[in-house]
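S.K.: Need a 3D model of the following:
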Amino acid sequence: MPDPTIHALGVLCERLRDVLYRADLPNGKRILAHLSKPLADRKVEFEPGTRVILELTPYDFDSARILREATAEEAG
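M.R.: Numbering: from 1, shown residues only. I've put the predicted structure just below:
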């Protein structure tokens, strides 16, 4: 059974390519984040400053998958 993923709130700070962004985590760490397959298929684009929900694995805290834009309640 695979280890569970970690969901975190992040803020996109820079768009690097079509599906690749640089994002800041709440602890101040800057990571690479890529769009999830459903978002990439829909050609979703986010602006810098957008708050998103990220999915990280317990093995790699330097990259994440962007699941969706955060709701107002999640963004705080």
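S.K.: what about Ala23, which helix or strand?
M.R.: Using DSSP states H and E, Ala23 sits in strand 20-24.
S.K.: average pLDDT for the next helix or strand after that strand?
M.R.: Per DSSP H and E, the first helix or strand lying C-terminal to strand 20-24 is strand 30-35. In this model, strand 30-35 has an average pLDDT of 97.
S.K.: go on, stretch 57-76?
M.R.: Averaged over stretch 57-76, pLDDT sits at 91.
S.K.: For that stretch, list every residue counted as buried.
M.R.: Ala64, Arg65, Ile66, Leu67, Ala70 (16 or more other C-beta atoms under 10 Å). C-beta: built from backbone N, CA, C; applies to glycine.
S.K.: And the furthest pair within these?
M.R.: The largest separation in the buried residues of stretch 57-76, counting by C-beta to C-beta, is between Arg65 and Ala70 at 14.3 Å.
S.K.: ok, now which ones touch Glu14?
M.R.: Glu14 makes contacts with Tyr21, Arg22, Pro48, as judged by C-beta atoms under 8 Å, 6 or more residues apart in numbering.
S.K.: circling back: JSON lines for the buried residues of stretch 57-76, including secondary structure and distance to Ser36?
M.R.: Formatted as JSON lines, the buried residues of stretch 57-76 follow (DSSP: H, G, I helix; E, B strand; the rest coil; distance: C-beta to C-beta, whole Å):
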{"residue": "Ala64", "secondary structure": "strand", "distance to Ser36": "10"}
{"residue": "Arg65", "secondary structure": "strand", "distance to Ser36": "5"}
{"residue": "Ile66", "secondary structure": "strand", "distance to Ser36": "6"}
{"residue": "Leu67", "secondary structure": "strand", "distance to Ser36": "6"}
{"residue": "Ala70", "secondary structure": "coil", "distance to Ser36": "14"}
